[in-house]
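Chemist: how would this look folded up:
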Amino acid sequence: MKLESRRVIVVGAGSGIGRSVAIAASEAGASVVLAGRKREALEATAALLKGPREVRPLDASREDEVGAFFETIGPFDHLVSTASQGASGSITELGTAAIERAFAAKLWAPIFLVKHAARRIAREGSFTFFSGFRAVKPSPGASITSLVNGGLEAFTKAMAVELAPIRVNAISPGVVDSGSFWDRLGTEARDRLFSDFAQKAPARRVGQPEDLAAATLFAMVNPFLTGTVLAVDGGGHLM
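Modeler: All right, here's what the predicted structure looks like:
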């Protein structure tokens, strides 16, 4: 899968899946724009790339920043956003702030990115967003996660129709060992979660960031793929 002479923006490139997507795109020949909130993390990713790259700090949940970003970014071919923020807990106990953070990362950020990028992206280009298998596999304590992921998948399909021929797709990961994302659980709880998922998922393992990066490259380069949610979840939606 080749991306020579293509310019790819990766939002969330500072760690985890976003970092792996940036590395894979660079290895495929793309010039990569590394975007995200933490400059130091983006610089660390940049150091891993061999091809052309540019570091551009961005909080995609702030429309003013997104607008300014695209005013100066220049032409590009593909945009990938791996931005994610969970909100775990009973709906009767979740605080409004936690819910708003989940909405900001999974709904407002994609809306702002598409709104300000749609007139600048190449007509044969693509947007790729990240939802999650809780959109189709709810569980107690994950109602808001289900809501924002389901909303993002609906938005993806709507944009594929509205922005055609620009392609718009989503990747739906399962449990992925993406590093610091799981730190909030603590080592013991994280290991228990991973073990439980690996025992129940048909793939019999948790995902790795590279699994998702490979799917993202496929979504970028396949010219007949649009309005699709790719379940790259080890069969998690079947559990």
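Chemist: for the residue lying closest to Ala214 once chain neighbours are set aside, give me the pLDDT.
Modeler: If the residues on either side of it in the chain are set aside, Ala214 comes closest to Ala24, at 6.9 Å by Cβ to Cβ, 6 or more residues apart in numbering. For every residue, glycine as well, the C-beta is placed using N, CA and C. Looking at Ala24, its pLDDT stands at 98.
Chemist: looks to me like Ala24 is in a helix.
Modeler: Yes: counting by DSSP: H, G, I helix; E, B strand; the rest coil, Ala24 falls inside a helix.
Chemist: ok, it touching Ala213?
Modeler: Yes: if you go by Cβ atoms under 8 Å, Ala24 and Ala213 touch, sitting 4.0 Å apart.
Chemist: against Ala231, how distant is the residue nearest to Ala214?
Modeler: 19 Å (Cβ to Cβ, to the nearest Å).
Chemist: ok, the longest strand belonging to the chain: who's next to it in the sheet?
Modeler: Longest strand in the chain, counting residues (DSSP state E): strand 121-130. Strand 121-130 pairs in its sheet with strand 76-81 (parallel), strand 167-173 (parallel), by DSSP bridges.
Chemist: what's the last one in contact with?
Modeler: Think strand 167-173. 17, 114, 125-133, 135-136, 149, 152-153, 156-157, 159-160, 207, 212, 215-216, 219, 223, 225-233, 237 (Cβ atoms under 8 Å, 6 or more residues apart in numbering).
Chemist: where exactly do the strands run in the chain?
Modeler: 7-11, 31-36, 53-57, 76-81, 121-130, 167-173, 229-232.
Chemist: the residue lying farthest from the centre of the chain and Ser143: what is the separation?
Modeler: Going by Cα atoms, centre = their mean, the residue of the chain most distant from its centre is Thr92, 28.2 Å out. Thr92 sits 10 Å away from Ser143, taking Cβ to Cβ as the criterion.
Chemist: likewise Phe218?
Modeler: Distance from Phe218 to Ser143, counting by Cβ to Cβ: 31 Å.
Chemist: equivalent analysis for Ser81, please.
Modeler: From Ser81 to Ser143 the distance is 23 Å (Cβ to Cβ).
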